[in-house]
Each structure stands twice: as structure tokens, then as C-alpha cells.
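Undergrad: here is a sequence with its predicted model. Questions after.
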Amino acid sequence: MAKTTTLPIPQTLKTAPVTLVNADGTGWKTLYTAGAEGAVVRVFGATCDDTVAANLRIGVDPGTGTVYQKGCVNIPIGAGTTGSVPTVDCLASVIMPQQGMDQTFKRTLQLGAGEVLKIAVLAAVGAGKVLTAMIELEEF
């Protein structure tokens, strides 16, 4: 974001979903690429209909081609898909305490210009199962 003495106001609100399936294996998959002015992720939820818990890795590529892992969040069996297990709030996880906070003390994830938010799993999602990650963000 360019240097300014004025308050930066979000210009665009976006939702970015991505799914991980068995064929994706354990490699990193792009969830979102920040624009020229950067972005702030306000909501980061994950659901999974697998019959085993998943471990969702969250990382950022600062534009160098190298992904730096920020944390790994446990996604319980049936999270967000059964009506009895809630969607996981990945930003609220105590596993990633280094996140910034907004004025209401809710954790956020800041992305600089061109930074790429990526996700992966420690073990491949089961055959015929889907892990979905969805973010809601503000672009500057």
C-alpha cells in the first residue's frame, strides 16, 4: 500500500473459496492473491466432510515462489457439514497467535501487495471427500 497520511478505506469486498480433494494431494493450493494495494482477510472458515479429521496448513508466498507456513489448524470430522460440528474459524485458532487484530480484537490476516495466501493438508483428503476453505476479505 502506498504511504499516506489518510485512513485507508477498503475499496472492494470479496469472497474467495477453494476446495481440496483427494487428487490435490498435500501440495499447496492458491486461495487468494492480493492486489497492488494489499488486502486484509476478515473471515477464514473451513469445512470438511471427510470421515477423519484434517490438518489444514496455511501459508503465504510473498511473491518469491516460496511458501512460508503460518500455522496448521485441525478441522474435525464433519466440520460445517453435519449440523452438529461447526465450521472452523481458522483465524481464531490459538495455533496461529501471530495474527493482527482489528478494532474489535478479532484476529485478521494482512496480505501485502502481490502476496499469495495458500492452503494444503498434511494428509490427502479421503477419496470422494471435500475440504472447503473460504475467506472474506477487503481489498485496498
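TA: It's in. Everything numeric in this text was worked out from a predicted model, so none of it was measured.
Undergrad: how about the one residue sitting closest to the centre of the chain, nearest residue that isn't a chain neighbour?
TA: Closest to where the C-alpha atoms of the chain average out (CA atoms, centre = their mean) is Phe44, at 5.1 Å. Leaving aside its chain neighbours, Phe44 sits nearest to Cys90 (4.2 Å; criterion: CB to CB, 6 or more residues apart in numbering). All C-beta spots, glycine's among them, are computed from the backbone N, C-alpha and C.
Undergrad: and the residue nearest to the centre of the chain, that's in a helix?
TA: No - using DSSP: H, G, I helix; E, B strand; the rest coil, the assignment for Phe44 is strand, not a helix.
Undergrad: tell me what it is bridged to.
TA: When bridges are called by DSSP bridges, Phe44 pairs up with Ile135.
Undergrad: ok, it touching Ile75?
TA: No - Phe44 lies out of contact with Ile75 (CB atoms under 8 Å); the separation is 11.9 Å.
Undergrad: residue boundaries of the strands in the chain?
TA: Using DSSP state E, the strands of the chain run over residues 12-20, 29-33, 39-48, 54-61, 68-75, 88-89, 100-101, 107-111, 116-121, 131-139.
Undergrad: going by mean pLDDT, which of these comes out lowest?
TA: Lowest mean pLDDT of those: strand 100-101, a mean of 67.
Undergrad: just to revisit the earlier point, residue contacts, the residue nearest to Phe44?
TA: With contact set as CB atoms under 8 Å, 6 or more residues apart in numbering, Cys90 has these partners: Phe44, Gly45, Ala46, Leu56, Ile58, Val73, Met96, Ala133.
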